[in-house]
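[1] A structural model of the following input is requested.
(chains A, B, C and D)
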There are 2 protein chains.
Amino acid sequence: MFFPSPSMKNKPEKIISRRARPAKAPLSVEAIVTAALEIMAREGLDGLGMRKIAAALDTGPASLYVYVDDLDSLLSLMLDRALLKVTVPAPSRGDWRKRLSIILFSYTKVLMSMRGLGQLTLTTVSTGPGAMRMLEAILALLREGGVGDDRAAWAADTLLLQFSAIAAEQDAHRHHAPIVIGSVKQALEALPAETYPNIHALWEKLLAGSPRVRIRWTLDVLINGALSTPGSESK
Amino acid sequence: MFFPSPSMKNKPEKIISRRARPAKAPLSVEAIVTAALEIMAREGLDGLGMRKIAAALDTGPASLYVYVDDLDSLLSLMLDRALLKVTVPAPSRGDWRKRLSIILFSYTKVLMSMRGLGQLTLTTVSTGPGAMRMLEAILALLREGGVGDDRAAWAADTLLLQFSAIAAEQDAHRHHAPIVIGSVKQALEALPAETYPNIHALWEKLLAGSPRVRIRWTLDVLINGALSTPGSESK
DNA sequence: ACCTGAACACCGTTCAAGT
DNA sequence: ACCTGAACACCGTTCAAGT
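    Reported below is the predicted structural model:
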């Protein structure tokens, strides 16, 4: 893949055009999104850039602009591609609450499966098919569960946000973490107990908790809260 | 302020050193943070940069590194400075729930009072006195309200996150919004009712709601949820 | 100790020119 | 229509040299 094909051996030129390489995949939105996701998985969101994507595709940065408006819109496309992998369970899988938790567990799992994705959800919005399929399913289940329309819309928003944040946090914990997490830990640990008695008592718990347990708890809190709190319909 | 002082008029050089200007405030962390906040308030978080801050302080970018480690740490300092303005009510102001809502309303108000601040909280963590003072107060109130220790830590996290996000959203709505919000609205509006019946029915509600009403509801949901959901203590 | 000019190693995006 | 070299207008950060 990295050398000119045999059929070109007898060309007289010493330098063979990159375009003449064998089976060079033509550019396309899909190819660009794929390459971008690969780079983000390897180097994180900060390591991503138009120039690096172009280099991975063996072209110049300008070429990408034929297929993509700009970096922001490319980030949206990347997010949406990832969200397509979220599981939306069939009605046979259980009642609304069970199915809602399947979606949200799957959502966090997908977000945590690739470096940078957690951070990406907190920075980017997608209105593509991946995001819309998930939103549609969540709204349907909340309504099925008897959460009023006003509350359902806000609850969906709140749920997605909360789980995005948990994923982003885990993302940070696992990757460029040592610096950031370590310093937060040190800072909390060093706080004087006299001035900050409650932080002093609880700082370990602030940073603790396996994702599984935490996700479960957060889900319960939000659903219980949304069910027991009247919405603005009663205004 | 923009011209050399009269006492320097008789200097022979045509070009007068910038340093010779009158009352040029010496650099300091405080001055840098102040200048940075001013720029962010005017031009948003994206408009902020070391070079622009330096220019505002009439110096070169290299000079800032005498006082500040790098851009990230400066952003932390900016956030902390802003959080110092959050109201932490005295016990006489009411029961724990009332006081908690005062803190969180004040928090969102502060975040929404300056362009870029909402986005900043979602991107940056601070362990400075502003952030710690607020966290300490929230933890104290949750414990006072009978939320168990494990749950209190997570609840504080969840509360702060949720309100940061609401502020960031309002930030976007009010400023560089027209593009982003407008396009999300258009995208949701255009979705086919057959494939996305629930989004179709609720899309207006997803984007609606005054900050006040929404904050009130979110606060109630989270507190009610945290109170009625057992923590992992019972594990 | 404090400050800084200049350079280093990058960015995203545009555009005229090529095929 | 698709692609691209080169340029434009920026970045954050470092460092040797000045005071």
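[2] ok, now which ones touch the residue in chain A positioned nearest to DNA strand D?
    Nearest residue of chain A to DNA strand D (Cβ to the nearest atom of the strand) works out as A:Ala62 at 2.7 Å. In short, each C-beta sits where N, CA and C put it, glycine included. Applying Cβ atoms under 8 Å, 6 or more residues apart in numbering or on different chains, we find A:Ala62 in contact with A:Ala54.
[3] okay, it: pLDDT?
    We note a pLDDT of 95 for A:Ala62 in this prediction.
[4] can you confirm whether whichever strand or helix holds it lies near DNA strand C?
    If you go by DSSP states H and E, A:Ala62 is part of helix A:61-64. Yes. Against DNA strand C, helix A:61-64 shows contacts by Cβ under 7 Å from any atom of the strand at A:Pro61, A:Ala62.
[5] and after that helix, which helix or strand comes next?
    helix A:71-83.
[6] for the helix or strand immediately after that next one in the chain, packing partners?
    Note on helix A:71-83: by DSSP H and E, the next helix or strand toward the C-terminus is helix A:96-113. Applying 3 or more Cβ pairs under 8 Å, 6 or more residues apart in numbering or on different chains; DSSP states H and E, one finds that helix A:96-113 contacts helix A:71-83, helix A:117-123, helix A:129-144, helix A:149-174, helix A:211-228.
[7] any chance you could list what contacts helix A:96-113?
    Against helix A:96-113 from outside (Cβ under 8 Å, 6+ apart): A:82-83, A:85-89, A:91, A:93-94, A:117-118, A:121, A:134, A:137-138, A:141-142, A:144-145, A:159-160, A:163-164, A:166-168, A:170-171, A:211, A:215-216, A:219, A:223.
[8] quick one: contacts for whichever residue of chain A sits closest to chain B?
    Closest residue of chain A to chain B, Cβ to the nearest Cβ: A:Gly225 (2.8 Å). In this structure, A:Gly225 makes contact with B:Asp220, B:Val221, B:Leu222, B:Ile223, B:Asn224, B:Gly225, B:Ala226, B:Ser228, judged by Cβ under 8 Å, 6+ apart.
[9] kindly report the same for A:Gly49.
    A:Leu71.
[10] next one: it from DNA strand C, what distance?
    From A:Gly49 across to DNA strand C, the span is 3 Å (Cβ to the nearest atom of the strand, to the nearest Å).
[11] got the contact list for the residue nearest in space to the middle of chain A?
    Nearest to the mean C-alpha position of chain A, by Cα atoms, centre = their mean, lies A:Leu117 at 3.2 Å. A:Leu117 sits next to A:Met40, A:Leu79, A:Ala82, A:Val110, A:Leu111, A:Ala167, A:Asp171 when contact means Cβ under 8 Å, 6+ apart.
[12] tell me how many other residues crowd the third one.
    In other words, A:Ala82. Around A:Ala82 there are 23 other residues, counting by other Cβ atoms under 10 Å in any protein chain shown.
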